[in-house]
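[1] 3D, please:
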Amino acid sequence: MTLEEIIKQLNLRLITKKKDFNQVIPTSGYASDLLSCVMASAPNQAIWVTLQAHENVVAVGALLELSAVIITENATPDEGTIAKANQEDVTLLSTNKSTFHVTGRLWELGLRDR
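    Numbers count the residues shown, from 1 in each chain. Below you'll find the predicted structure:
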C-alpha cells in the first residue's frame, strides 16, 4: 500500500510539502511518544504515529528515513518544525484521531509491524 492510499483512507492532512506519495511504500508502522524507543525500535521507512509535534520528531524521522510521521489528536507543529521537516524531507501528516485509532486503521489497511 502506498502512502498516498494511506493518506486518503485515513483522511490525513498534509502539513509539509507535497511529494509523489504514490512512490512511497511504507515498510511497517510504529507507535510511541518516547523518542528513544522510536530511535531504538522503529524500522527504516516505517510510518511513525505519535502525539509529539516538536522539532525532535523531525530529527528522528530523518535519522530513520521514515516514510511519514502521523501526528495525532490535532497536535500542531510550529512553523520552525514544519520548515525543518521540509528541509530534511520528512513528511508530517496530521489527524484529529487518537494514536490508538490511527494504529488500528493502519492495521486494518494491512500495514503491520516488522
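
[2] neighbours of Phe21, how many?
    19 (other Cβ atoms under 10 Å). Just so you know, the C-beta spots here come from the backbone N, C-alpha and C atoms, and that holds for glycine as well.

[3] now do the phi/psi pair for it.
    phi -70, psi -10 (degrees, to the nearest 10).

[4] can you start the count at 43 instead of 1 from here on
    Fine by me, first position is 43 from now on; the one you just mentioned is Phe63.

[5] mind checking how far it is from Leu76?
    Phe63 sits 27 Å away from Leu76, going by Cβ to Cβ, to the nearest Å.

[6] can you check Ile89 too?
    Distance, Ile89 to Leu76, by Cβ to Cβ: 17 Å.

[7] ok, now Gln51?
    Distance from Gln51 to Leu76, by Cβ to Cβ: 27 Å.

[8] and if you look at Gly146?
    From Gly146 to Leu76 the distance is 20 Å (Cβ to Cβ).

[9] nearest residue to the middle of this protein?
    What sits nearest the mean C-alpha location of the chain, by Cα atoms, centre = their mean, is Val111, with 1.5 Å.

[10] tell me the pLDDT of that residue.
    Note on Val111: pLDDT of 98.

[11] now do Arg154
    82.

[12] ok so it is a helix residue?
    No - counting by DSSP: H, G, I helix; E, B strand; the rest coil, Arg154 is not found in a helix; it is coil.

[13] quick one, what contacts it?
    70-71 (Cβ atoms under 8 Å, 6 or more residues apart in numbering).
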